[in-house]
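Q: how would this look folded up:
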Amino acid sequence: MRAVVVEEPGGPEVLRVRETADPVPGPGEIAVDVAASGVNFIDVYHRSGLYPLPAPFTPGMEGAGTVSALGAGVSGLAVGDRVGWVMLPGSYAERAVIPADRAVPLPDGVSTELAAAALLQGMTAHFLTRTAHTVREGDDVLVHAAAGGMGLLLTQLVKLHGGRVIGTVSTAEKEAVARAAGADEVIRYTEEPVDTAVRKLTGGAGVAVVYDGVGAATFDASLASLRPRGLLAVFGQASGVVPPVELQRLNAAGSVFLTRPTLAHYIADRAELLTRSRELFEWIRAGRLDVRVNARYPLADAGRAHEDLTGRRTTGKSILLVR
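A: Numbering: from 1, shown residues only. Just a heads-up that it's a prediction; the model follows:
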């Protein structure tokens, strides 16, 4: 099979397609013919070595395809079933082997390509808005990078649950994308300080929660945008790692809360994985959540996909079309 193989950490150029042996499922595992793989910042972190993986490795933490073989002891799945998965490396390849208990069945009405684009970011948006902080009617919510893949999903889910979205973007074009997704207010961070604008838009009160996937560049403004006892959820670090934080800053900001969550801890239990994926797919099928796939790349162009993602040249979701 063909697979993207990283032999040593580095820039996008280290993402090279190689011919490799087909993986064989062991006990409790399934093999999947991969149709598409989601492109996410965690893949960039693995490729660059920020989140080290033993080399050589195949990146890609999200994918979807068709079951092609079952390992010993697997029940409840059959060859030909469509499944997706997240938080498991190896989806930048024509075939992947995953634990059977991590496979997410895909319902009718959700294409395999759409599932590959929706699961990681969609379930992340689910736990951020339903568990890390339960968005309630009337909540003011700050969403950074509101025109990106995560930003668009968070905006829609905050609106779905009655919140008011204040989004940040860099350009007029991205402002239009964010507003089309439902953002009530949009701050162009290139033109005014985010925390100053947030205070104006909230009558000085601040927001109930900040969803920040940018990290180092936005952390201070995020903290300064919270209302007393608000929550800052730093779920990514597209601009770099946040430096160590003096805890007294949380007190001074109004006894606020800070979390650095990751999806793996919110789907570790299979029942929780299936609940989150089921609700996500229900919203998609009902037309209440629009997952926008705006960039598609062949497997050989994985490096270009990473360049476009890190260069902020994308809106919505990017995927690799494997087959």
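
Q: OK, contacts around the residue lying closest to Pro12 once chain neighbours are set aside?
A: Computed as CB to CB, 6 or more residues apart in numbering, the closest residue to Pro12 that is not its neighbour in sequence is Gly303, at 3.7 Å. To be clear about C-beta, it is placed using only N, CA and C from the backbone, and glycine gets the same treatment. Gly303 is in contact with Pro12, Glu13, Val14, Leu15, counting by CB atoms under 8 Å, 6 or more residues apart in numbering.

Q: in terms of helices and strands, where is Gly303?
A: Of the helices and strands defined by DSSP states H and E, Gly303 is found in helix 302-310.

Q: quick one: average pLDDT of that helix?
A: This predicted structure assigns helix 302-310 an average pLDDT of 95.

Q: what comes up buried for it?
A: For helix 302-310, the neighbour count (16 or more other CB atoms under 10 Å) marks Ala302, Gly303, Arg304, Ala305, His306, Glu307, Asp308, Leu309 as buried.

Q: tell me the mean pLDDT for the top strand by length along the chain?
A: As far as residue count goes, and with DSSP state E defining each element, the longest strand of the chain is strand 29-39. Over the span of strand 29-39, the pLDDT mean works out to 98.

Q: helices or strands next to that strand in the packing?
A: The contact analysis (3 or more CB pairs under 8 Å, 6 or more residues apart in numbering; DSSP states H and E) places strand 29-39 against strand 62-70, strand 82-86, strand 95-99, helix 112-127, helix 302-310, strand 317-321.

Q: neighbouring contacts of the third one?
A: With CB under 8 Å, 6+ apart as the contact definition, strand 95-99 has outside contacts at 1, 22-26, 28-34, 63, 65, 68, 85, 88, 90.

Q: kindly write the ChimeraX command that selects the buried subset of those residues.
A: Only the buried members of those enter the following ChimeraX selection, criterion being 16+ other CB under 10 Å:
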select :23,25,29,30,31,32,34,63,65,68,85,88,90
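
Q: can you list contacts of stretch 250-267?
A: Among residues not part of stretch 250-267, those counted as contacts by CB under 8 Å, 6+ apart are 86-87, 120, 123-124, 127-128, 131-132, 206, 223-224, 226-235, 245, 272-273, 276.

Q: okay, buried residues for it please.
A: Applying a neighbour-count criterion of 16+ other CB under 10 Å, the buried positions in stretch 250-267 are Leu250, Ala253, Val256, Leu258, Leu263, Tyr266, Ile267.

Q: the first one: helix or strand, and which one exactly?
A: This means Leu250. Leu250 is part of helix 248-252 when elements are defined by DSSP H and E.

Q: how far does that helix sit from the chain's center?
A: Relative to its chain's centre, helix 248-252 lies at 29 Å (CA atoms, centre = their mean, to the nearest Å).

Q: same check, this time on stretch 177-190
A: 19 Å.

Q: buried by neighbour count: which residues of that stretch qualify?
A: Val177, Ala178, Arg179, Ala181, Gly182, Ala183, Asp184, Glu185, Val186, Ile187, Arg188, Tyr189.

Q: do stretch 205-215 as well
A: Buried, per 16+ other CB under 10 Å, within stretch 205-215: Gly206, Val207, Ala208, Val209, Val210, Tyr211, Asp212, Gly213, Val214, Gly215.

Q: what are the pairing partners of the particular helix or strand that has the fifth one in it, and which direction each?
A: Yep, that's Val210 we're talking about. Here Val210 is covered by strand 207-212, with elements defined by DSSP H and E. Strand partners for strand 207-212, identified by DSSP bridges, are recorded as strand 140-143 (parallel), strand 226-234 (parallel).
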